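# Sequence plus the predicted model coming up.
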Amino acid sequence: MAGVRMTWRRNEEIFGEGEPATCVYRVLKGVVRTYRILADGRRQIAEFFLPGEVFGLHARAVHQASAEAVTDCEVVAVRRGQLSERAMTDGATAHKLLALTLHQLLRSEEHMLILGRKTASERLAWFLMDMAERIPAPNRVELPMSRQDIADYLGLTIETVSRTMTQLQDDGVIELPTRRQVVLRERQTLMDLAA
């Protein structure tokens, strides 16, 4: 469907929690994060959206979380009303919307289980394997987000993320050529930890 192309600079807000949810967005370039600020001031990142992925699909008329550009990004925005009308008359559009909604529900459930039942190393291994699947590159992942973002996504402190990354490197499971680059040396070990 036709939409409006929009660009945002790194860390710029795309929409805020509680604002009217008038559009659904698809990432064309860059990375977007959705998050909520908890009552005690901590930030919980709900999800990262990469090129080709859709965000802003909500059951309510207002956004349940805020969205920001992790990197400079370009998205296409489609009005929710236009999308709903199209889904009413086009079965393929309705099917695609249902598939997107179910996919996001599945990711949310998996994220909830990771936060509730996994150790720091298991959470980080899950995150690295998830990024490796979503950013295809043979045994190398370029992480566009900061360690603080990773910590806020995994429900950990930045110190725990850094310490766990270092431990995985010391154990020969990963290699850290740069702060944002991770080489997956022992994929099976990571998969076992993530399971």
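It's in. Numbers count the residues shown, from 1 in each chain.
# which stretch of helix or strand covers the residue positioned nearest the centre of the chain?
Closest residue to the average C-alpha location of the chain: residue 48 at 1.5 Å, with CA atoms, centre = their mean. Following DSSP states H and E, one finds residue 48 within strand 43-49.
# Can you tell me what sits against that strand?
Contact with strand 43-49 is made by 27, 31-38, 55, 65, 70, 104, 107-108, 111, 145, 149, 152-153, 155, as judged by CB atoms under 8 Å, 6 or more residues apart in numbering. For every residue, glycine as well, the C-beta is placed using N, CA and C.
# hmm, 6 Å instead?
27, 31, 32, 33, 34, 35, 36, 37, 55, 65, 152, 153 (CB atoms under 6 Å, 6 or more residues apart in numbering).
# What is the nearest of the residues you listed to residue 176?
Taking CB to CB as the measure, residue 153 is the one of the contacts of strand 43-49 closest to residue 176, at 18.4 Å.
# For that closest one, grab the count of nearby residues.
By other CB atoms under 10 Å, 23 other residues sit near residue 153.
# Residue 178 now?
8.
# mean confidence for the longest helix seen in the chain?
Scanning the chain for the helix with the most residues, using DSSP state H, yields helix 91-117. Here helix 91-117 scores 87 as its mean pLDDT.
# relative to strand 43-49, how tilted is that helix?
140 degrees (axes from the mean of the first three to the mean of the last three CA atoms, to 10 degrees).
# Flag every buried residue along the following helix or strand past helix 91-117.
Per DSSP H and E, helix 91-117 leads on to helix 120-134 as the next helix or strand towards the C-terminus. Under the neighbour-count criterion of 16 or more other CB atoms under 10 Å, helix 120-134 has 120-132 buried.
# rewinding a little: what angle separates the longest helix of the chain from helix 120-134?
Counting by the same axes, to 10 degrees, helix 91-117 lies at 160 degrees to helix 120-134.
# Show me what counts as buried in helix 91-117.
Applying a neighbour-count criterion of 16+ other CB under 10 Å, one finds 93, 97, 100, 104, 111, 114 buried in helix 91-117.
# cool, stretch 28-39 as well?
The neighbour-count check on stretch 28-39 (16+ other CB under 10 Å) flags 30, 31, 32, 33, 34, 35 as buried.
# hmm, back to that, can you give me the distance of the residue nearest to the centre of the chain to residue 69?
The spacing between residue 48 and residue 69, counted by CB to CB, to the nearest Å, is 11 Å.
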